[in-house]
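*Asks:* kindly generate the corresponding structure for this input.
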Amino acid sequence: MNSRGFIVGTLLLTSMFGCGSDTVENGQATVGDRDLIRAMHDDRTSHYNQSDIVALMETYAEEATVLTGTLQVASGKDAIRDLIGTEMERSQGLNNELKEVLLFDDQAVLWGSYVWSGVGSEETSGPYMLELGKFDGSWKVTREMWSHDQNPGEGLTWDNIPEDFDENSEWSDEMNILENLYNSGNPAALAELFSGDALVGIPNFPVLEGREIIQEFFQSAIDKSDGTVMDVLVRSANVLNKNNVMLAGYIEVDGESTEGRARFLLLLELANSFEVDAGEDAEWQVRWMVASGKELFSV
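*Replies:* Numbering: from 1, shown residues only. Below you'll find the model as predicted:
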């Protein structure tokens, strides 16, 4: 896997959320949890930049999963160590900025951005998401994923998304709504599926911030789609609490001039909790989303 500096940087970037100070905590957070997460954050960055793979691996949960920007997947500490290990030698520096932290009892979800520099002129950047779990008082990474905000260039090793696209989640209906609105050419309604302050990372594009920008993006993508059809499939769900769910899965876009596949990780939040308490159906919105792949849209 040569030239995976991208993956590594990104990987660690995502794993090591940087020393950013613009962190926003959910009201559920305690001061102790904030301090523990920040400390782990700083330690992970230091471990990576010092090529201390042993110390870095101690910050992962035993069954952690890493989803790279080039579609590689590493599940469990042994696989993650193999993925990261030799790639550390290619790194010339990793910077991360932690943007937001949301805490849910013994779990947490983080959003940030990274810049990784490697040998020669290698450099990659983009958004990342992290899921954390609290184990015996210590916060550890349970899942991480990142993307790139510009084309990372040639020479990278890309994995392939499985061809079968089999679904196994009861949350698939929520994503089918997004799929159907895109395929029907309705960017305004599609944008309403995202929260007002949503953050969306799409391969080769700057992070989309807010519903208005998201609508403009999908309007442009649909205008240039040439009959493109989107297929969104959910593979797994992690229910954080009654108002928040993490989903992971695949996106496939197929058209006359565009064809692409991507993996996604997203945070859904309940948009009408009071109405649900009164017996009405739940309405979910995407708060954060990161998709990784070579290319999905022509905008």
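*Asks:* buried sites along stretch 282-299?
*Replies:* By neighbour count with 16 or more other Cβ atoms under 10 Å, stretch 282-299 contains the buried residues 284-298. For the C-beta atoms, the positions are set from N, CA and C on the backbone; glycine is no exception.
*Asks:* so which elements touch the longest helix along the chain?
*Replies:* The longest helix of the chain (DSSP state H) is helix 31-49. Using 3 or more Cβ pairs under 8 Å, 6 or more residues apart in numbering; DSSP states H and E as the contact test, the elements touching helix 31-49 are helix 5-15, helix 53-57, strand 91-104, strand 107-118, strand 138-146.
*Asks:* so which of those is nearest residue 233?
*Replies:* Smallest distance to residue 233 across those (Cβ to Cβ): 16.2 Å, for strand 138-146.
*Asks:* any chance you could list what contacts the next helix or strand after the closest one?
*Replies:* Remark: after strand 138-146, the chain's next helix or strand is helix 172-183, criterion DSSP states H and E. Applying Cβ atoms under 8 Å, 6 or more residues apart in numbering, the external contacts of helix 172-183 come out as 187, 189-190, 193, 218, 222, 229-234, 247, 249, 268, 284, 286.
*Asks:* out of those residues, which sit inside helices?
*Replies:* Short answer: the contacts of helix 172-183 in helices (DSSP H) are 187, 189-190, 218, 222.
*Asks:* are any of those residues buried, and which?
*Replies:* Neighbour counting by 16+ other Cβ under 10 Å classes 187, 190, 218, 222 among the ones in helices among the contacts of helix 172-183 as buried.
*Asks:* need those residues in TSV (columns: distance to residue 38 and pLDDT).
*Replies:* TSV is the format used below for those (distance: Cβ to Cβ, whole Å; pLDDT from 0 to 100):
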residue	distance to residue 38	pLDDT
187	38	94
190	36	96
218	35	93
222	41	87
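*Asks:* out of the residues you listed, the closest to residue 203 would be?
*Replies:* For those, the nearest to residue 203 is residue 218 (15.0 Å; Cβ to Cβ).
*Asks:* for that closest one, give me its contacts.
*Replies:* By Cβ under 8 Å, 6+ apart, residue 218 lies in contact with 182, 187, 190-191.
*Asks:* quick one: pLDDT of residue 94?
*Replies:* Here, the pLDDT recorded for residue 94 equals 89.
*Asks:* whoops, residue 298 was the one
*Replies:* pLDDT, residue 298: 67.
*Asks:* likewise for residue 130?
*Replies:* Note on residue 130: pLDDT of 96.
*Asks:* what bridges to the nearest residue to it once chain neighbours are set aside?
*Replies:* Nearest non-adjacent residue to residue 130, counting by Cβ to Cβ, 6 or more residues apart in numbering: residue 110, 4.3 Å away. With beta bridges defined as DSSP bridges, residue 110 has these partners: residue 101, residue 130.
*Asks:* from the ones in helices among the contacts of helix 172-183, which two are the most distant?
*Replies:* Maximum distance among the ones in helices among the contacts of helix 172-183 (Cβ to Cβ): 11.6 Å, for 189 and 222.
*Asks:* re the thing from before, can I assume the residue nearest to residue 130 is in contact with residue 100?
*Replies:* Yes: with contact defined as Cβ atoms under 8 Å, residue 110 reaches residue 100; the gap is 6.9 Å.
*Asks:* who has more neighbours out of the two?
*Replies:* residue 110 (23 against 18; other Cβ atoms under 10 Å).
*Asks:* OK, contacts around the more buried one?
*Replies:* Counted by Cβ under 8 Å, 6+ apart, residue 110 has contacts 17, 37, 98, 100-102, 129-130, 132.
*Asks:* distance check, it against residue 205.
*Replies:* 21 Å (Cβ to Cβ, to the nearest Å).
*Asks:* next: residue 148.
*Replies:* 9 Å.
*Asks:* neighbour-wise, which of these two wins?
*Replies:* Neighbours per residue (other Cβ under 10 Å) separate residue 148 from residue 205, with residue 148 holding more: 26 against 20.
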